[in-house]
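Asker: show me how the following folds:
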Amino acid sequence: MATISVVINTLNAQRLLDDVLESVKEADEIIVCDMHSEDETIEIAKRHKCKIFYHERTGIVELARNWAMEQATCDWILVLDADEIVTPELWQYLKNYAQHPKKNRNACYIPRETYLLGKHVHSWRQSGIKRFWKRGNCYYTNEIHKMPVTREGKDFWINKNGKLKNVALIHYHIPSLNHFGVRLNNYTDFELKRFQMKNTKFKLSKLLLRPPYEFFKLYIMKGGFKDGIHGFIFAVIMAYYKFLQWAKLYEYEFVQKNRDLKY
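Answerer: Numbers count the residues shown, from 1 in each chain. I've put the predicted structure just below:
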C-alpha cells in the first residue's frame, strides 16, 4: 500500500498549524521543517507527533523546501503551507490516487481556494498548484512563487473542471492587511534580487502599465467584483504588489547611479 508524507515548512505558524495538522492526521508521516519559530509552533507540532527538523531562516520558503522534502521517507509527498487546510474530500482523493496513479502522471496540481480576511475570494482561485508527487520526482528552484520542476513523467490536474465538490486546498492566506503588508515587502525584496540575477532593467512602461493591468485582470476578467469589497481590496493589493516590484527596481538603479547623494 502506497504511503504519504506531508511536508510543512514553518516560521511562527501557530495561528493555523493545529487545524492544518489535524486535516492530515491520517498521513503516514508528517514532516515539520521549522525556521526557529519563536511562538508555539514546535509545541503544536509535538502534540501532533510530527517529525521535527530545523533549517536556518531563508526569507522565502522555496529555499528550504528541497531540504525538507529530503527528510521524507514515504512513497508520495504532499507539500503544504502552514496556512493551508486539506479538506476530507481532497485527502480521500489523494489517498486513492497514491494507490492507483494515472499512467506516467507522477505529479499533481491541486485546486486551491484562498481566503482574504476570512472570506473566500473567487478571483484568486487557481486551477491548480503543484503540491503532490512521488517522492524524489519534483524539486524547487530558488525563485519565489515558482512551481516545482517535475523530473519524470507528466503532471496531472486534480479536479480541473471543479466538478468534484470540496476537492481543494483551503488557503487562509491573509488574516489581516498588516500581516499581508509585511509579506508584500518581503516578497518584493526577493523579486528585486531575481531582477538583479536576470539583469532586468527598469522600464517606465512596466511601472505604469503592470499595476492597472493586474487590477483589471483580477477585478474584471476574473470576476473580483463579485466578491464585493473583499474582491476590490484584493485587486488593489495585487496591483500595488506589481507597482512595488518595479518601483524597487527603479530605486535600486537610481541609488547605484547616484551614490554621491545623501539619503
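
Asker: all helices for this protein, in order.
Answerer: Counting by DSSP state H, the chain has these helices, from start to end: 17-23, 41-47, 62-70, 88-99, 177-197, 204-216, 228-257.

Asker: helices and strands around the first one, which ones?
Answerer: Here helix 17-23 touches strand 4-10, helix 41-47, strand 84-86, going by 3 or more CB pairs under 8 Å, 6 or more residues apart in numbering; DSSP states H and E. Quick note: C-beta positions are derived from backbone N, CA and C, even for glycine.

Asker: quick one, which of these is nearest to H122?
Answerer: When those are compared by CB to CB, strand 84-86 sits nearest H122, at 17.5 Å.

Asker: from the contact counts, what lies against the closest one?
Answerer: Applying 3+ CB pairs under 8 Å, 6+ apart, one finds that strand 84-86 contacts helix 17-23, strand 169-174.

Asker: if we go to 10 Å?
Answerer: Packing contacts for strand 84-86, counted by 3 or more CB pairs under 10 Å, 6 or more residues apart in numbering; DSSP states H and E, involve helix 17-23, helix 88-99, strand 105-116, strand 126-134, strand 169-174.

Asker: okay if I get those as JSON lines plus mean neighbour count, mean pLDDT and distance to T10?
Answerer: As requested, these are exported to JSON lines (neighbours: other CB atoms under 10 Å; pLDDT from 0 to 100; distance: least, CB to CB, whole Å):
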{"stretch": "helix 17-23", "mean neighbour count": "19", "mean pLDDT": "98", "distance to T10": "7"}
{"stretch": "helix 88-99", "mean neighbour count": "17", "mean pLDDT": "97", "distance to T10": "20"}
{"stretch": "strand 105-116", "mean neighbour count": "20", "mean pLDDT": "93", "distance to T10": "19"}
{"stretch": "strand 126-134", "mean neighbour count": "20", "mean pLDDT": "88", "distance to T10": "16"}
{"stretch": "strand 169-174", "mean neighbour count": "20", "mean pLDDT": "90", "distance to T10": "15"}
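
Asker: can you lay out those as CSV showing distance to T41?
Answerer: Output for the helices and strands packed on strand 84-86, formatted as CSV (distance: least, CB to CB, whole Å):
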stretch, distance to T41
helix 17-23, 6
helix 88-99, 22
strand 105-116, 21
strand 126-134, 20
strand 169-174, 16
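
Asker: nearest to Y213, out of those?
Answerer: strand 126-134 (18.6 Å).

Asker: and the angle for that closest one with helix 62-70?
Answerer: 40 degrees (axes from the mean of the first three to the mean of the last three CA atoms, to 10 degrees).
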